[in-house]
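1. Got a predicted structure plus its sequence, pasted below:
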Amino acid sequence: VSLQMMKHAWDNYKRYAWGLNELKPISKQGHSSNLFGNIQGATIVDALDTLYIMEMKEEFKEAKEWVEKNLDFNVNAEISVFEVNIRFVGGLLSAYYLSGEEVFRKKAVELGEKLLPAFNTPTGIPWALLNIKSGIGRNWPWASGGSSILAEFGTLHLEFVHLSYLSGNPVFAEKVMNIRKVLNRLDKPEGLYPNYLNPSSGQWGQHHVSIGGLGDSFYEYLLKAWLMSDKTDEDGKKMYYDAVQAIETHLIRKSSGGLTYIAEWKGGLLEHKMGHLTCFAGGMFALGADGAPSDKTGHHIELGAEIARTCHESYDRTRMKLGPEAFRFDGGVEAIATRQNEKYYILRPEVIETYMYMWRLTHDPKYREWGWEAVEALEKHCRVDGGYSGIRDVYNNHESHDDVQQSFFLSETLKYLYLLFSEDDLLPFEHWVFNTEAHPLPVLHKDDGNKEENQK
Ligand code: DMJ
């Protein structure tokens, strides 16, 4: 089914928005997000590996030809370093490792080089935004006291380690190892990492802590850096398990109805809200269970299972059986969005991602059942003639479509669905880690410095 869904999403993108970043499936035209500046083709690059894995050979070939002829980084564009890294660098790296086609390696390294000026700050903590022509960087104007964002500068590690590996140039890995060093020198309030860090002073901004937006994939990359290093990156490992310990103590709570959730922390006070983005953590806890101290292994799996159940409830308690952007555990509600501007669903993958990890790690059939419910809801409410669209209010009887087919729907949501219903030996966890945009990167095995071997 996910293959048919991919075909529908892809064919319509191709028909109405080919070469542009994303598709507007209702108005049947291109959608350009300023996250990528003038860089074009986000959907193509994000979808390459999904097309490959689903064996959509014709489509993969078209996509590759587009990359060869049209993907151009010599543009005057201010881009989000994080978004371009996870979608474009990540997408190109995976396409290279899966297909072995040199063009993807070349483009990934070329783009990596364009991103390097972002690290020209007093601390080496990169800017959020970078003009890839002038090399001038800055931060989001809304970010606390000119800070960089934890989930942004903390989500470069996997890709940059691979860029050094594939280019032979150590500079990429050095840049991300330095981020680690800066973080390790800092005091952490209650062992937690605030979402804001000033790249000039090297001091934390506001003490907001989140495992959802602004924090999320920083934690994910600590664990995955350790796994991707064939479990040699002991720093990454320690930082991950220490962080999870602090998260459990200070952020994880159980509702009176028995649902485990991860709250947000604002200078010591809890906001009892969990974002859709936070739902990825179920899969992360389960993936990390194996490396936890031996008496904690079962506990980390259990935590993953409980988060999966809570996130499933957030879907089940809506009219459309698709989860809201954020749901609350206060004012008498549990796992329900109470604010109008938190009721939307934009084709996000995190809940299905967690089902996929839980399925692979436990083989409990309920995760496939829950995944199937999501497929039915997507088909019923998000599928339109011109592709797939997000929904403005998942509690409503009638769909109000937001008219965007996000590129991560093709790279993540549909890939994780496909993997959920595939055998475990397709991209097995012993050999692959997924970047935060679901682009698989091979584990770099310590016993063979040999590239060919690592690509199997
Ligand atoms: C994706 O770009 C990535 O999964 C990122 O980590 C979070 N936001 C979107 C999907 O929701």
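-> Great, that's in hand.

2. And the strands in the stretch 1-150 of the chain?
-> Applying DSSP state E, counting those that start in this stretch to the stretch 1-150 of the chain gives strands spanning 22-24, 29-31, 78-80, 129-131, 137-138, 148-149.

3. roughly how far out does the fourth one sit from the chain middle?
-> Right, the one you point to is strand 129-131. 20 Å (C-alpha atoms, centre = their mean, to the nearest Å).

4. Over to the first one?
-> Taking C-alpha atoms, centre = their mean, one finds strand 22-24 lying 20 Å from the centre of the chain it belongs to.

5. Which neighbouring elements make contact with it?
-> helix 2-17, strand 29-31, helix 42-53 (3 or more C-beta pairs under 8 Å, 6 or more residues apart in numbering; DSSP states H and E). No exception for glycine: its C-beta is placed from N, CA and C like everyone else's.

6. if we can go back for a sec, closest to the ligand out of the strands of the stretch 1-150 of the chain?
-> Nearest to the ligand among these is strand 78-80 (10.4 Å), distances taken as C-beta to the nearest ligand atom.

7. Need the residues that contact the closest one.
-> 35-37, 39, 128-132, 152 (C-beta atoms under 8 Å, 6 or more residues apart in numbering).

8. Within reach of the ligand, which of the residues you listed are there?
-> Applying C-beta under 6 Å from any ligand atom, the subset of the contacts of strand 78-80 adjacent to the ligand is empty.

9. Please convert those residues to TSV, extending it with neighbour count and pLDDT.
-> Listed next are the contacts of strand 78-80 as TSV, based on neighbours: other C-beta atoms under 10 Å; pLDDT from 0 to 100:
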residue	neighbour count	pLDDT
35	17	91
36	22	94
37	22	89
39	23	95
128	21	98
129	22	98
130	26	98
131	18	97
132	25	97
152	27	98
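
10. out of the helices and strands packed on strand 22-24, deepest packed?
-> Of all these, helix 42-53 has the most neighbours on average by mean count of other C-beta atoms under 10 Å, namely a mean of 27.

11. Spit out the contact partners of residue 261.
-> Neighbours of residue 261 in contact, by C-beta under 8 Å, 6+ apart: 252-255, 272, 274, 307, 310, 329, 335.

12. Please apply the same query to residue 321.
-> Contacts of residue 321 (C-beta under 8 Å, 6+ apart): 315, 373-374, 376-377.

13. so what's it closest to, chain neighbours aside?
-> By the measure of C-beta to C-beta, 6 or more residues apart in numbering, the closest residue to residue 321 outside its immediate chain neighbours is residue 377, 4.1 Å from it.

14. and that neighbour, which of the three is it?
-> Counting by DSSP: H, G, I helix; E, B strand; the rest coil, the backbone at residue 377 sits in helix.

15. Residue 320 is in contact with that one, correct?
-> Yes. Between residue 377 and residue 320 there is a contact under C-beta atoms under 8 Å: 5.8 Å.

16. before we move on, the earlier item: count residues in the vicinity of the residue nearest to residue 321, would you?
-> 19 (other C-beta atoms under 10 Å).

17. Nearest to the ligand among the contacts of residue 261?
-> residue 274 (14.3 Å).

18. Now for the closest residue to the ligand within the stretch 151-300 of the chain, which secondary structure element holds it?
-> Proximity to the ligand, evaluated over the stretch 151-300 of the chain using C-beta to the nearest ligand atom, is greatest for residue 217 at 4.6 Å. In the assignment (DSSP states H and E), residue 217 maps to helix 216-228.

19. how about the residues of the chain near the ligand?
-> So the chain meets the ligand at 86, 217, 277, 348-349, 408, 412, 436-437 (C-beta under 6 Å from any ligand atom).
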